[in-house]
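Asker: return atomic coordinates for the entry below.
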Amino acid sequence: MAFLEVRGLSKSFPSPAGVRHVLRDVTLDVDHGEFVSIVGTMGSGKSTLLSLLAGLTSPDAGTVVLDGTPVAGVRGDAAFVFQNYSLLPWFSALENVRLAVKAAFPAESPADQKRRASRALERVGLGNALDRKPRQLSGGMRQRVSLARAFATEPRVLFLDEPFGALDALTRDALQQDLAQLCAGTERPVTTVMITNNVEEAILLSDRIVPIVTGPPASLGASIVVELERPRCLLFRPSISRNTAVSKPSRCRASRRSPARGCTRAGSTCLTSRSTTRRTSPSSRKNARRSRSKRRGAASS
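Answerer: Take a look at the predicted model:
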């Protein structure tokens, strides 16, 4: 029996043109401790599906069963990470996390709750920003607070709604690694369901990828198992400067025994997305244009 079981899930919304069917007959199984990514385009119903799984929205038909119990609302052992951070602006980073800890562990003393929140922030590299308000934090730091808030409650299941979609590429790569370490470093495995439109992100983090078949109404396609060993890393190190010709980015799955060349994460399976560059001088570019002109002239004659 799967830890999370979804059977015949359907959802529709009223609209001026009539009823809009978003999801129909969605079925999904997620094992305990598994990381599953649901991949699809924007507007395909991914967020609606995740809200149904988390109990934030009620389905029109079908059932969601978590650990043998039907989901009828938000569970205390579940955490949700949104794309837009969802931090209270008048609270510091520490207080934002402590508020979630208070809800999850009401029997603990305020001092213990504060220590638990501090440890969670230190795990994501924000030990020196405990007293900063959200407006004093960058986008990446705010999302780290969101991740710390989620893991501070020690959830059994984690729902991620495109958590890195609003971040720049470099910050997103760093937070992806933080998330992978948090999921793997907990004493008990965290069952995780993430929605994303980034295939590389899904390969990097997931045990299994489930594509969403665009509707309306949408449904789920056949799942794809990611067999790459962990830990994994994603390389994207373009060296772009003036007078540089950039070739098409290449993708490779590095050796499982050693990381790809240039990877700083020893023992990682690397998904290389490196732009190979070739430096050219003005004279070489001029000679190349002459060669192309000669070839075109020879072909026309």
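Asker: phi first, then psi, for residue 17.
Answerer: Main-chain dihedrals, residue 17, degrees, to the nearest 10: phi -90, psi 0.
Asker: ok, residue 71 touching residue 53?
Answerer: Yes - counting by CB atoms under 8 Å, residue 71 touches residue 53, with 7.3 Å between them. All C-beta spots, glycine's among them, are computed from the backbone N, C-alpha and C.
Asker: more neighbours, the two?
Answerer: Per other CB atoms under 10 Å, whichever of residue 71 and residue 53 has more neighbours is residue 53, with 26 against 23.
Asker: where does that one land in three-state SS?
Answerer: helix (DSSP: H, G, I helix; E, B strand; the rest coil).
Asker: from now on call the first residue 12
Answerer: With 12 as the first residue, the last one maps to residue 64.
Asker: ok, which stretches of the stretch 62-211 of the chain are helices?
Answerer: 104-115, 121-134, 150-163, 180-196, 210-216 (DSSP state H, counting those that start in this stretch).
Asker: how much space between the closest residue to residue 57 other than its chain neighbours and residue 147?
Answerer: Closest residue in space to residue 57, ignoring its immediate chain neighbours: residue 206 at 4.0 Å, by CB to CB, 6 or more residues apart in numbering. Residue 206 sits at a distance of 30 Å from residue 147 (criterion: CB to CB, to the nearest Å).
Asker: same thing with residue 58?
Answerer: Counting by CB to CB, the gap from residue 58 to residue 147 is 29 Å.
Asker: just checking, residue 165 touches residue 119?
Answerer: No - the criterion here is CB under 8 Å, and residue 165 misses it with residue 119 at 11.9 Å.
Asker: the more surrounded of the two?
Answerer: Neighbour tally, residue 165 and residue 119, criterion other CB under 10 Å: the higher count belongs to residue 165, 17 against 14.
Asker: excluding chain neighbours, what is closest to the more buried one?
Answerer: With CB to CB, 6+ apart as the criterion, residue 165 has its nearest non-adjacent residue at 7.1 Å, and that residue is residue 115.
Asker: report the separation between that neighbour and residue 109.
Answerer: Using CB to CB, one gets 11 Å for the distance from residue 115 to residue 109.
Asker: if we can go back for a sec, more crowded one of residue 58 and residue 147?
Answerer: Neighbour tally, residue 58 and residue 147, criterion other CB under 10 Å: the higher count belongs to residue 58, 18 against 12.
Asker: just give the number of residues close to the nearest residue to residue 88 once chain neighbours are set aside.
Answerer: Leaving out its chain neighbours, the residue that sits closest to residue 88 by CB to CB, 6+ apart is residue 167, at 4.3 Å. The local packing of residue 167 (other CB under 10 Å) involves 19 other residues.
Asker: report the beta-bridge partners for residue 221.
Answerer: Beta bridges link residue 221 to residue 49, judged by DSSP bridges.
Asker: I'd say it and residue 39 touch.
Answerer: Yes - with contacts counted by CB under 8 Å, residue 221 reaches residue 39, the gap being 6.7 Å.
Asker: what sits in contact with each of those two?
Answerer: Common neighbours of residue 221 and residue 39, counting by CB atoms under 8 Å, 6 or more residues apart in numbering, are 47, 231.
Asker: more neighbours: these two, which one.
Answerer: The neighbour comparison of residue 221 against residue 39 (other CB under 10 Å) goes to residue 221, with 22 against 19.
Asker: mind listing the shared neighbours of residue 82 and residue 64?
Answerer: Residues touching both residue 82 and residue 64 (CB under 8 Å, 6+ apart) are residue 75.
Asker: secondary structure element for the residue nearest to residue 188 when sequence neighbours are not counted?
Answerer: Computed as CB to CB, 6+ apart, the closest residue to residue 188 that is not its neighbour in sequence is residue 244, at 6.9 Å. In this structure, residue 244 is located in strand 243-246 according to DSSP states H and E.
Asker: could you list the low-pLDDT ranges of the stretch 112-261 of the chain?
Answerer: Within the stretch 112-261 of the chain, the stretches with pLDDT under 70 are 177, 196-199, 245-261.
Asker: which residues touch the nearest residue to residue 62 once chain neighbours are set aside?
Answerer: Spatially, and ignoring its direct neighbours in sequence, residue 62 is nearest to residue 68 (4.2 Å; CB to CB, 6+ apart). Residues near residue 68 by CB under 8 Å, 6+ apart: 22, 59, 62.
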